[in-house]
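Peer 1: A structural model of the following input is requested.
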Amino acid sequence: MEWYDYVSSQASVEWLVCFFLMIRRPPRSTQSRSSAASDVYKRQLEDTEVHVLSDAYKALESFIQNEVLGFKMDEPESLLTEEDIAILNECSQSLHNWYSDISWKELKCTDYQLNWEILLSVLERHNIETVFEGEKGIRNRNLFGLWNRIVGLSKKSSSRLPLDRSHIDFILATVLKKYQFNMAYRDTKHILNCIKHKIDLFMTTDDRLIESFNSKRHLLMKLPETIIVNLNIVNPSTVKKNYVIP
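Peer 2: Numbers count the residues shown, from 1 in each chain. Now for the predicted structure:
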């Protein structure tokens, strides 16, 4: 290779390197003082908004507990007996007798009617009166609420039936840990979460809760304007009659 060929090739390489250096993305410039100050101001506004919302939700939580659910505050914690846990266990073990592989796989929302039939069959085996209304029905309503959640968690955690014993134990322990405490506190959290996440429909079999909330909805107008309440609390039977669930 002649020297001028070498120099020419070197010049070509240097030109290519220079070209790529020119077209590469320039380093991000240091943020200006005005831009940094603007960001600080925006964060302060966001923090203020969060604080205002937090105060508003605290006011709402207090209203729900004291005004709407005041009738529940003196109720004892709903602790399950060994028989109650055995009933829920039997219901879980019998799921595959009620749900086919296809119906289980395609289950998208709670089938309250079928879940009640499952619970009903186990209650009858235990010679427990299957009343659902009034004071006598408190136990069965509580079992039914827990059972619906057990079915929901079972569907989320297992695509096939039957469930094995260890999985049933895990689901029961998870549901009981989450839902077995004072009913007023539990229902307050449910309602507050619905409002926070703009959920318009909350289903429950607790007719006293439905009646109390609906009769005092007008009082919500007194709460801060940062909270817009469009929540409706209804019985599942009402939903079946008036709403079309896809």
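Peer 1: where along the chain do the strands fall?
Peer 2: Secondary structure of the chain (DSSP state E): strands located at 201-203, 232-234.
Peer 1: now these in TSV, with mean neighbour count?
Peer 2: No exception for glycine: its C-beta is placed from N, CA and C like everyone else's. Formatted as TSV, the strands of the chain follow (neighbours: other CB atoms under 10 Å):
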stretch	mean neighbour count
strand 201-203	16
strand 232-234	19
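Peer 1: Tell me which of those sits nearest to G145.
Peer 2: Nearest to G145 among these is strand 201-203; the distance by CB to CB comes to 10.4 Å.
Peer 1: contact partners of that closest one?
Peer 2: In this structure, residues lying in contact with strand 201-203 by CB atoms under 8 Å, 6 or more residues apart in numbering are H190, I191, C194, L231, N232, I233, V234, N235, P236, V239, Y243.
Peer 1: buried subset of these?
Peer 2: H190, I191, C194, L231, N232, I233, V234, N235, P236, V239 (16 or more other CB atoms under 10 Å).
Peer 1: how about the nearest residue to the first one, chain neighbours excluded?
Peer 2: Across the structure, with CB to CB, 6 or more residues apart in numbering as the measure, the residue nearest H190 apart from its sequence neighbours is F202 (6.6 Å).
Peer 1: Repeat that for Y112.
Peer 2: Y112's closest residue in space is P236 (CB to CB, 6+ apart), at 4.5 Å.
Peer 1: What of L95?
Peer 2: The spatially closest residue to L95, leaving aside those adjacent along the chain, is L161, at 5.3 Å (CB to CB, 6+ apart).
Peer 1: Got phi/psi on the one you found?
Peer 2: Its backbone dihedrals place L161 at phi -120, psi 150, with angles given as degrees, to the nearest 10.
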